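Asker: Here's a sequence, model it:
(chains A and B)
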Amino acid sequence: MRSEGSPLLLKIAALACVAFLHVPLLLIFLYAFTTEEKSFQFPPPGYTAKWFGIVWERQDIWDAIGLSVKVASIATFLALILGTCAAAAISRAKFFGRDHISLLFILPIALPGIVTGIALRSAFGIMDIPFSTWTIVLGHTTFCMVVVYNNVLARFRRTSGSMIEASMDLGADGFQTFRYVVLPQIASALLAGGMLAFALSFDEVIVTTFTAGQQSTLPIWMLNELIRPRQRPITNVVAIFVIAVTFVPILAAYYLTREGEHTGGTGK
Amino acid sequence: MSLTRSISNFLFKHPNGFLTLLLAPPLLWLGIAFLGSLSVFLFHAFFSIDEFSGFIKYEFTLSTFAELFRLSNFDVIIRSLVMATAVTLASVVIAFPFAYFAARYARGKWKALFYILVMLPLWSSYLVKVYAWKLILAKEGIISWLAGELHLTWALDALLAIPVIGGPSLSISFLGTFLVFVYVWLPFMILPTQAALERVPVNLIDASSDLGGTPAQTFRHVIFPLALPGIIAGSIFTFSLTLGDYIIPQIIGNSSYFLGQTVYTLQGTAGNIPLAAAFTVVPIVIMGIYLAIAKRMGAFDAL
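Answerer: As a prediction, the model looks like this:
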């Protein structure tokens, strides 16, 4: 680092910012081992690892994890197909209304989540659709698609169309070109977009509160604990689990797309 | 000729058909699931609730919009606007030194590290972040402990004694709500600010100092104006996200309502869909105005 030239005050301010961003998350790790059950006392009066075992035995938490994984998997799968189609169309062709359509594709992330959630809820109400796993998936796919779209679009913009033309000239049909030329080019962007979409869906709570009904995904379980804390040590352990599950795809996505392009749309 | 080949030949000869085929699934999904339900919901703002039966009266009226200006409702709008503005300004102040350092002094591996240091909190679980602050701000939590160790308990008490923003403890005050908002949305300010600062040509800075500008003048007249579009781009996120959030004030704060919570309660327990819709129009209109201003200031090129 060429930090010799940086003023001391600037360095301190930057480091303070890093501490501000990261100390809160580290604290949760400390709290997961506390023996205190009834309050958030600091420093913890004693340390124990028993909460991990207790969480392991909890069926309601496993059910919530199961539902979250199921929803995230289906939503990611649908988002990959829809987002790639959208990115291909927007990047390859010029057509009437293209700018408006590309604005529409990022709207679910640009507008506050509550707007998406409430709109879906009222639509379910009007059409008498009962809440199910599929109503959650419907909401999640709407914003997961945007993440995939952003990643794949960035990749399409960096790859030139001449490879596709060459493939066609050499006698490959459209499907062969897609399989042997386009897919290898966008594979890592798809993987990155898919992982970010999965992380986003696994963590989503705002839209989910409107589309889940009585079902409990892991974030909904946590939200209930946050509003009415009843099992603080167990919540700490679940929080660590959530951090771990979301960090892996984020880091992986970063390594897959790091050559000079930002990782997926900045926005949740 | 095989079937796949004839399909692909057909698509090749009809590029518009191919385009339609690509666009149709995502457009249908967003058009029906997102735009469709959104417009149906927002349209309810032109209806009203029958005060006696509690059912929606399906007659065109502007009275629901007029209700927004009733004192208790207007308070919510003002409170949300003030909070969003304060959070945005604080984010600028905290993000700028970090972004400036990362853009100008960090190189190679360090640059990648700084990027990850922002990306991890940005993408990590929203609820976990809020939860972490519940631990920190609690009366028995680390801040009170730290104040006690440093013999600064009096300062913390004085801070909490300030009317309006204070409260019995940090986790039950506007100050706490504000801190959590800043924490949660800060990365959204750092990334575009840093991106804008990276694009400031070094030779412009050199030219400014060659021509006798002091570092303060260079900052004021060269660096800051060039970074402004990035800051405004970041402020779109911090402002909009604060305006629409309804979970943070519910968990950390003195339980006075913000826009998001109001909408949530109105459509849920209160069952007043028309007023909920009218309230939803407020952040959409505010963001529309905000985006129009941001666009004029060149923020979209900095996204």
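Asker: For the residue of chain A found nearest chain B, which non-adjacent residue is spatially closest?
Answerer: Residue of chain A nearest chain B, by Cβ to the nearest Cβ: A:Pro112 (2.2 Å). In short, each C-beta sits where N, CA and C put it, glycine included. Of all residues not flanking A:Pro112 in the chain, B:Gly244 sits nearest, at 2.2 Å (Cβ to Cβ, 6 or more residues apart in numbering or on different chains).
Asker: again, but for B:Leu11
Answerer: In space, B:Leu11 is closest to B:Phe18, 4.4 Å off (Cβ to Cβ, 6+ apart).
Asker: gap between that neighbour and B:Glu140?
Answerer: The gap separating B:Phe18 from B:Glu140 is 64 Å, by Cβ to Cβ, to the nearest Å.
Asker: Between these two, which is the more surrounded one?
Answerer: B:Phe18 (19 against 14; other Cβ atoms under 10 Å in any protein chain shown).
Asker: burial count for B:Phe224?
Answerer: 14.
Asker: host element of it?
Answerer: Assigned by DSSP states H and E, B:Phe224 falls within helix B:224-244.
Asker: residue nearest the centroid of the chain?
Answerer: Just so you know, I chose chain A. A:Leu200 (1.7 Å; Cα atoms, centre = their mean).
Asker: switch to chain B, that's the one I care about
Answerer: B:Leu241 (2.2 Å).
Asker: quick one: pLDDT of that one?
Answerer: B:Leu241 is assigned 86 on the pLDDT scale.
Asker: so residue 17 is in which element?
Answerer: Using chain A here. Using DSSP H and E, A:Cys17 falls in helix A:8-31.
Asker: hmm, I had chain B in mind actually
Answerer: helix B:15-28.
Asker: so where do the strands sit in the chain?
Answerer: All of this is about chain A. Taking DSSP state E, chain A contains no strands at all.
Asker: Chain B, not that one
Answerer: B:48-49, B:56-57.
Asker: neighbouring strands for the last one, and are they parallel or not?
Answerer: Translated: strand B:56-57. Paired with strand B:56-57 in the same sheet, following DSSP bridges, are strand B:48-49 (antiparallel).
Asker: does A:Gly174 really touch B:Lys13, like I thought?
Answerer: No: with contact defined as Cβ atoms under 8 Å, A:Gly174 does not reach B:Lys13; the gap is 10.7 Å.
Asker: With adjacent residues omitted, what lies nearest to A:Ser216?
Answerer: A:Ala64 (5.0 Å).
Asker: From what I see, that neighbour and A:Asn224 are in contact.
Answerer: No: with contacts counted by Cβ under 8 Å, A:Ala64 stays clear of A:Asn224, the gap being 10.1 Å.
Asker: and for the two, which residues touch both?
Answerer: A:Ser216 (Cβ atoms under 8 Å, 6 or more residues apart in numbering or on different chains).
Asker: So these two - more neighbours on which side?
Answerer: Taking neighbours as other Cβ under 10 Å, A:Ala64 and A:Asn224 compare with A:Ala64 leading, 20 against 13.
Asker: any idea how far A:Thr35 lies from B:Thr214?
Answerer: Counting by Cβ to Cβ, the gap from A:Thr35 to B:Thr214 is 57 Å.
Asker: Longest helix in the chain, please.
Answerer: Chain wasn't specified; assuming chain A. helix A:59-92 (DSSP state H).
Asker: wrong one, I was asking about chain B
Answerer: From DSSP H, the single longest helix across chain B is helix B:71-104.
Asker: so what does that helix touch, helix or strand wise?
Answerer: Applying 3 or more Cβ pairs under 8 Å, 6 or more residues apart in numbering or on different chains; DSSP states H and E, one finds that helix B:71-104 contacts helix A:8-31, helix B:108-123, helix B:174-198, helix B:224-244, helix B:259-267, helix B:273-296.
Asker: do you know which of those helices lies nearest B:Ala132?
Answerer: Nearest to B:Ala132 among these is helix A:8-31 (3.8 Å), distances taken as Cβ to Cβ.
Asker: Kindly export the closest one (C-alpha atoms) in CSV.
Answerer: Extracted in CSV, the C-alpha atoms of helix A:8-31 (Å, rounded to 0.1, in the frame of the first residue of the first chain):
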residue,chain,number,x,y,z
LEU,A,8,-2.7,10.5,9.5
LEU,A,9,-6.2,11.9,10.2
LEU,A,10,-7.5,10.4,7.0
LYS,A,11,-6.1,7.0,8.0
ILE,A,12,-7.7,7.2,11.4
ALA,A,13,-11.1,8.2,9.9
ALA,A,14,-10.9,5.3,7.4
LEU,A,15,-9.9,2.8,10.0
ALA,A,16,-12.7,4.0,12.3
CYS,A,17,-15.1,3.4,9.5
VAL,A,18,-13.9,-0.1,9.0
ALA,A,19,-14.2,-0.7,12.8
PHE,A,20,-17.8,0.7,12.7
LEU,A,21,-18.7,-1.7,9.9
HIS,A,22,-17.2,-4.8,11.4
VAL,A,23,-17.1,-4.7,15.2
PRO,A,24,-20.9,-5.1,15.6
LEU,A,25,-20.8,-8.4,13.6
LEU,A,26,-17.9,-9.7,15.6
LEU,A,27,-19.7,-8.9,18.9
ILE,A,28,-22.4,-11.5,17.9
PHE,A,29,-19.7,-14.2,17.9
LEU,A,30,-18.8,-13.2,21.4
TYR,A,31,-22.4,-13.2,22.6
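Asker: Settle it for me: which of A:Thr35 and B:Thr214 has more neighbours?
Answerer: Each of A:Thr35 and B:Thr214 has its neighbours counted (other Cβ under 10 Å); A:Thr35 has more, 13 against 10.
Asker: Now do the contacts for the more buried one.
Answerer: Taking Cβ under 8 Å, 6+ apart, we find A:Thr35 in contact with A:44-48.
Asker: Spell out which parts of the stretch 151-268 of chain A neighbour chain B.
Answerer: Residues of the stretch 151-268 of chain A lying near chain B by Cβ under 8 Å from any Cβ of the partner chain: A:168, A:173-175, A:196, A:199-200, A:203, A:205-206, A:219, A:222-223, A:226-227, A:229, A:235, A:239, A:242-243, A:246-247, A:250-251, A:254, A:258, A:262-263, A:266-268.
Asker: Show the buried residues in those.
Answerer: Buried subset of these (neighbour count, 16 or more other Cβ atoms under 10 Å in any protein chain shown): A:168, A:173-174, A:196, A:199-200, A:203, A:205-206, A:219, A:222-223, A:226, A:229, A:235, A:239, A:242-243, A:246-247, A:250, A:254, A:262-263, A:266-268.
Asker: Sort out for me which of those are in helices.
Answerer: Those of those lying in helices (DSSP H): A:168, A:174, A:196, A:199-200, A:203, A:206, A:219, A:222-223, A:226, A:235, A:239, A:242-243, A:246-247, A:250, A:254.
Asker: Could you tell me which residues make contact with the residue lying closest to B:Gln267 once chain neighbours are set aside?
Answerer: Sequence neighbours aside, B:Ala276 is the residue nearest to B:Gln267 in space, at 4.0 Å (criterion: Cβ to Cβ, 6+ apart). Shown in contact with B:Ala276 (Cβ under 8 Å, 6+ apart): A:118, B:44, B:263, B:266-267, B:270.
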